[in-house]
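return atomic coordinates for the entry below.
(one chain, ligands or ions: 1)
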Amino acid sequence: MKKIVVLSASPRKNGNCDSIVEFAKRQYSNLESIEVDYVNIRDLKNIKNCIGCDSCKKTKKCVHKDDIAEVLNKVYEADGIAFISPIYFNYPPATIKMLIDRLYVFFDPSKGFDIPKDKIKKMLVAFSFGSGPVDEYDRVANTTAFNFMVVGVNDHKTIMLGNQNDKNSFSDKVAKEPEFANQMKSLFDWLAE
Ligand SMILES: Cc1cc2nc3c(=O)[nH]c(=O)nc-3n(C[C@H](O)[C@H](O)[C@H](O)COP(=O)(O)O)c2cc1C
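From the prediction side, this is the model:
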């Protein structure tokens, strides 16, 4: 059975990123061939940042035993990752950067970013934002997926959702534009294939 982790990063409750997660939940609840873990970074109580101690390079374990360590194990085991985040000052928010830095435990300097292609591990990066530059955020999405290469990600797609300042922007668009809803659906289907 395929394992998917839906990792969401919005500090705001009931906003667009939460609506995207709900969209994924509705879609995935009909699929029996996958097991899905939903993790919202704002629900984690005990989170610590990477302190660059390099201990993990000797032991392959992080010195921190916190909620991020548990999430990272799920992300490592998963066949697919959905990364759903708002843009705050041109990047995903600080809380999720804490998790990204902790990917260092999986970074093997002797292999670098040379990830074997025999097993495909997919990532869907969805960014919700206001009126900032889409091209720039597309680059940030590529970099985000690139960072997750250390857990084996070697294929990714992005969803750029601009003009989403209102809490209901995403759910309104899904309700009013069937073509948009179908596009979203096919991207979440792709992740689960
Ligand atoms: C602190 C903060 C910084 C933001 N920075 C940007 C930005 O740099 N570019 C942009 O287009 N939108 C920016 N926004 C708007 C959010 O990205 C946008 O409202 C997003 O849809 C919020 O997601 P949510 O509804 O899940 O909270 C910012 C919002 C906040 C609160």
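
so residue 189, which state does it fall into?
Three-state assignment for residue 189 (DSSP: H, G, I helix; E, B strand; the rest coil): helix.

apart from its neighbours in sequence, what residue is nearest it?
residue 27 (7.5 Å; CB to CB, 6 or more residues apart in numbering). (C-beta placed from N, C-alpha, C; glycine too.)

ok, then the element right after the helix or strand the one you found falls within?
Residue 27 belongs to helix 16-28 when assigned by DSSP states H and E. Counting by DSSP H and E, the element after helix 16-28 in chain order, helix or strand, is strand 34-40.

now do that following strand, average pLDDT.
Strand 34-40 shows a mean pLDDT of 98.

again, but for stretch 137-154
Here stretch 137-154 scores 96 as its mean pLDDT.

what sits up against it?
72, 75-76, 81, 83, 87, 90-92, 100, 103-104, 106-108, 113, 115-117, 119-123, 125, 127, 129, 156, 158, 160 (CB atoms under 8 Å, 6 or more residues apart in numbering).

what comes up buried for that stretch?
Residues of stretch 137-154 classed as buried by neighbour count (16 or more other CB atoms under 10 Å): 137, 140-141, 144-145, 147-154.

and stretch 12-22, by the same measure?
15-21.

near the ligand too, which of the residues you listed?
Taking CB under 6 Å from any ligand atom as the test, the ligand is in contact with 15-17 out of these.

now, the contacts of stretch 137-154 that are in strands?
81, 83, 122-123, 125, 127, 156, 158, 160 (DSSP state E).

and the residue lying farthest from the centre of the chain, what helix or strand is that in?
Residue farthest from the centre of the chain, counting by CA atoms, centre = their mean, is residue 58 at 27.5 Å. If you go by DSSP H and E, residue 58 is part of helix 55-59.

residues in contact with that helix?
Outside helix 55-59, the residues touching it (CB under 8 Å, 6+ apart) are 61-63, 104-105, 109.
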